[in-house]
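Student: Sequence below, structure please.
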Amino acid sequence: MTEAFSAKLSIFPVKEKTNEKGPDHTGAIEIPHSEVAALREYLMSAETEDDWQGNPIVKLSVSTWINEMKDGRKYLKGSVRKPYKPDGDSAPAKPPAPSTEEIPF
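Tutor: Predicted coordinates for the structure are as follows:
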């Protein structure tokens with residue numbers, strides 16, 4: 001099992017867009033140096049899944065909260081972690097289908 005890691009995320013609105021194709025928000029993910037090895041281990045060992053184009057990806061979980069800057073503008077502050085997966089299956093296991101030898105007719 002890979003070691004847990006966490007990182008901080010901040011996304012701010014752009015004060016003045018200079019180009020219509022420019023971003024509406026910019027920000028950064030801050031990874032404490034002490035957690036870089038755990039993040040790398042997770043990324044290298046995590047199960048991959050396919051994105052909508054069929055490319056293999058590794059997912060990270062992002063949680064954000066709305067905060068307010070001193071000037072009144074809102075921004076998102078949050079965390080980045082490995083996705084939550086409950087221990088074991090949350091759904092009960094399906095019983096195996098009976099073999100034809102077990103059916104009495």
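
Student: Give me the phi and psi for S61.
Tutor: Dihedral angles phi and psi of S61 (degrees, to the nearest 10) take the values phi -100, psi 130.

Student: dump the residue contacts of it.
Tutor: By Cβ atoms under 8 Å, 6 or more residues apart in numbering, the contact set of S61 is 80-84. The way it works is simple: take the backbone N, C-alpha and C, and place the C-beta from them, glycine included.

Student: 7 Å instead?
Tutor: Going by Cβ atoms under 7 Å, 6 or more residues apart in numbering, S61 touches 81-84.

Student: So which of these belong to helices?
Tutor: Among the contacts of S61, no member falls in helices (DSSP state H).

Student: Whichever of the residues you listed end up buried, select them in PyMOL.
Tutor: Per 16 or more other Cβ atoms under 10 Å, the buried members of those correspond to this PyMOL selection:
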select buried, resi 81+82
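
Student: closest to A37 among the contacts of S61?
Tutor: K82 (13.8 Å; Cβ to Cβ).

Student: Test my guess that that closest one contacts S45.
Tutor: No. K82 lies out of contact with S45 (Cβ atoms under 7 Å); the separation is 10.4 Å.

Student: Tabulate the contacts of S61 (TSV), appending distance to S10 and pLDDT.
Tutor: Formatted as TSV, the contacts of S61 follow (distance: Cβ to Cβ, whole Å; pLDDT from 0 to 100):
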residue	distance to S10	pLDDT
R81	16	91
K82	20	89
P83	21	87
Y84	22	81
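
Student: What segments of the chain are helices?
Tutor: For the chain, the helices defined by DSSP H occupy 36-45.

Student: pLDDT below threshold where in it?
Tutor: 1-3, 87-105 (pLDDT under 70).

Student: can you rerun that using 90?
Tutor: Scanning the chain for pLDDT under 90 picks out the ranges 1-6, 15-18, 82-105.
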